[in-house]
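[1] just need the structure, nothing else, for what follows:
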Amino acid sequence: MDIAKRNPQNPIMRPIDLKPGIEGMEIVCLLNPGVFRYNNKIWLLLRVAERPKQIENKISFPIYNKDGKIEILSFDKNDPALDASDPRVIGYQGKNYLTTLSYLRFVCSEDGVHFHEDPSFPPLFGRGDLEAFGIEDCRVASMEDGFFLTFTEVSSVAVGVGLIETKDFNNYIHHGMIFPPHNKDCALFEEKINGKYYAFHRPSSPELGGNYIWLAESPDRKHWGNHKCIATTREGKWDSARVGAGAPPIRTEKGWLEIYHGATHDHRYCLGALLLDLNDPSKVISRSEEPIMEPIADYEQTGFFGNVVFTNGHYVDGDTVHLYYGASDEVICAATLSVKEILNTLK
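    Modelled structure (predicted):
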């Protein structure tokens, strides 16, 4: 039940469209942009994944070292201690490394389709020990007092949620890790509810529990509590292995509408929707039985990691959700959905 209207110019951005931001690297993937409007333009805050140009019979990838500088690790492909079965993660002697280093990069557009870089908005790179493997998948919450960026901090010891605050995307306040490991997929509500801030997040448990969507509340967006699990995986369905929040939820007459991602055990990623009570978003009114968007286009089925549609960014204009998403962990695409039509699927 795919109800998304894909832009006929998809993919709207490919790795070849940008020059590498790190000297000596190549861009492998563009992924999962945060979305916001600023200075009468539409902006994407892309996750850009880079790596060294690969040499035959070697696997090389970058990390930040203890001095905050990029260091290249290189291994022989025939090394029996090397596990390179997953294109995203390298295992070596009991440790895991990412095959690419991700950072965040700004592009803007007047029409929402043709994007370009503005040199006055420099990229955001990882910093410190907890971002030694990079920063990923930024959500942008546009609020009355500024813009609040939640993103995944990745290192050898942890995956957690970081928070950056800005008013102009040139001056930043780094608040550090606000949701401790293992956690990701954090989306802030863009307004208070009964005097409190709310956020979705996704703690993970390898034994008890699983990869579920949780809700938390806060007095200041930095300190979070009263955590509640609001959506679990569903065996035998399109979201059987993991679920996670997308962009900030949309206020509708029927409730808070959240477009979320779900994946199967075969790593097929689709999008669905949750409808939550306006006054108490821990109350789930309805949930998609079938996906509202599936990886059915060629560019969604084949790429760096195929069969993936993944979003953490959109903007809303009346009934229209302008959705931006990563396809096959490689290219950026655009689609529109009708709020009313999504709600109708939830009846």
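[2] mind listing what A187 touches?
    Listed by C-beta atoms under 8 Å, 6 or more residues apart in numbering, the contact partners of A187 are R139, A141, T150, A199, F200, A245, G246, A247, P248, P249, E258, N312. For glycine as for every other residue, the C-beta is placed from the backbone atoms N, C-alpha and C.
[3] could I get the pLDDT score of the fourth one?
    So that's A199. pLDDT for A199: 98.
[4] hmm, back to that, how about the contacts of A187, which pair is most distant?
    Among those, the pair separated by the greatest distance (C-beta to C-beta) is T150 and E258, at 14.4 Å.
[5] neighbour count: the two, which is higher?
    A count of neighbours by other C-beta atoms under 10 Å puts T150 above the other of T150 and E258, at 29 against 25.
[6] that one: what's it in contact with?
    If you count contacts by C-beta under 8 Å, 6+ apart, T150 has them with C138, R139, A141, V161, G162, L163, I178, C186, A187, L188, A199.
[7] roughly how far does it sit from K192?
    Separation of T150 from K192 (C-beta to C-beta, to the nearest Å) stands at 16 Å.
[8] then K347?
    29 Å.
[9] all helices for the stretch 101-250 of the chain, in order.
    With DSSP state H, counting those that start in this stretch as the criterion, the stretch 101-250 of the chain has no helices.
[10] circling back to that earlier point, ok, so of the contacts of T150, who is nearest Y38?
    A141 (13.1 Å).
[11] partners of that closest one in the sheet?
    For A141, the beta-bridge partners are F148 (DSSP bridges).
[12] quick check: it touching F151?
    No. Using C-beta atoms under 8 Å, A141 is not in contact with F151; the gap is 11.6 Å.
[13] more neighbours, these two?
    Taking neighbours as other C-beta under 10 Å, A141 and F151 compare with F151 leading, 27 against 23.
[14] so for the closest residue in space to the more buried one that isn't next to it in sequence, what's the pLDDT?
    Leaving aside its sequence neighbours, F151 sits nearest to C138 (C-beta to C-beta, 6 or more residues apart in numbering; 4.1 Å). On pLDDT, C138 comes in at 98.
[15] OK, contacts around C138?
    With C-beta under 8 Å, 6+ apart, C138 has these contacts: P33, G34, L45, R47, L104, L149, T150, F151, N312.
[16] helix or strand: which one has the fourth one?
    It refers to R47. For R47, the element it lies in under DSSP states H and E is strand 41-52.
[17] quick one: the closest residue to M177 other than its chain neighbours and D118, what's the gap?
    Once flanking residues are discounted, M177 sits nearest to G160: 4.5 Å by C-beta to C-beta, 6+ apart. According to C-beta to C-beta, G160 stands 30 Å off from D118.
[18] okay, those two: which has more neighbours?
    The neighbour comparison of G160 against D118 (other C-beta under 10 Å) goes to G160, with 23 against 13.
[19] that one against G176, yeah?
    No. Applying C-beta under 8 Å, one finds G160 not in contact with G176, separated by 9.4 Å.
[20] now do the shared contacts for the two.
    Common contacts of G160 and G176 (C-beta under 8 Å, 6+ apart): L130.
[21] centroid residue for the chain?
    Geometric centre of the chain, nearest residue: D137, 3.1 Å, by C-alpha atoms, centre = their mean.
[22] any idea which element the residue lying closest to it once chain neighbours are set aside lies in?
    Distance criterion C-beta to C-beta, 6+ apart; nearest residue to D137, sequence neighbours excluded, is N32 at 4.8 Å. Take DSSP H and E as the rule and N32 turns out to sit in strand 25-38.
[23] would you mind listing the buried residues in that strand?
    Residues of strand 25-38 classed as buried: M25, I27, V28, C29, L30, L31, N32, P33, G34, V35, F36 (neighbour count, 16 or more other C-beta atoms under 10 Å).
[24] quick one: least confident of those?
    Looking at the buried residues of strand 25-38 by pLDDT, the weakest one is M25, with 91.
[25] before we move on, the earlier item: more neighbours: which of K347 and K192?
    More crowded of K347 and K192, by other C-beta under 10 Å: K192, with 14 against 7.
[26] please determine how far that one is located from C138.
    Distance from K192 to C138, by C-beta to C-beta: 22 Å.
[27] tell me the bridge partners for Y198.
    Applying DSSP bridges to Y198 yields these beta-bridge partners: E217.
[28] remind me, longest helix of this structure?
    Identified as the longest helix of the chain according to DSSP state H is helix 339-345.
[29] contacting residues around it?
    1, 3, 250, 252, 254, 257, 259, 273, 275, 288, 290, 292, 316, 319-321.
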